[in-house]
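Trainee: Provided below for reference: sequence and predicted model.
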Amino acid sequence: MFPKILRQLRLEQKLTQSDMAKVLNISRVAYTNYELGNREPDFGTITRIANFLGTTVDYLLGNSTVRTPPADYANAQHAPSANMLPPSLRLILNSVSDLSNESCANLQSYIELLRIKDEAANRKKRGGFINPDRDTHSKNDGH
């Protein structure tokens, strides 16, 4: 039952076996063996899978029809659950959780650079692109 449910949940979230392997920090072959029923993950791995896929361990193991865990009232009051994020963002969060402080700072700088690049691309699409290498006044005074 576990292999079938695992595969179903992964496909519903449009994740590849490689995506899941990265999240679990295992090889794709090891993950594939979980879906084929050739291997069974340890309890800690099952818990990580359930948390990442936004389900309960009991549902994942086929012991319950309750698919989603009950909302944690205290956490729901203060911050969105990681399970509410799109799978692509959960993959990113999972992959950066082990980075050093310096690498996190570098990542923040890179994200800001991407944001600026996207804003410039959006302005250009709207026809409001300004070339930062040119003086903005030169358009108005004929130079």
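Mentor: Thanks, I have the structure now. Residues are numbered from 1 along each chain as shown.

Trainee: got the residue ranges for the helices in the chain?
Mentor: 2-12, 17-24, 28-36, 43-53, 57-60, 73-78, 87-96, 101-125 (DSSP state H).

Trainee: which stretch in these has the least confidence?
Mentor: Lowest mean pLDDT of the helices of the chain: helix 73-78, a mean of 39.

Trainee: Now do the contacts for the residue nearest to residue 67 when sequence neighbours are not counted.
Mentor: Distance criterion CB to CB, 6 or more residues apart in numbering; nearest residue to residue 67, sequence neighbours excluded, is residue 59 at 5.0 Å. Every residue, glycine included, has its C-beta placed from N, CA and C. If a contact means CB atoms under 8 Å, 6 or more residues apart in numbering, then residue 59 has 5, 50, 65, 66, 67 as its contacts.

Trainee: Go ahead and confirm residue 94 touches residue 23.
Mentor: Yes: with the criterion set as CB atoms under 8 Å, residue 94 and residue 23 qualify as a contacting pair; they are 5.1 Å apart.
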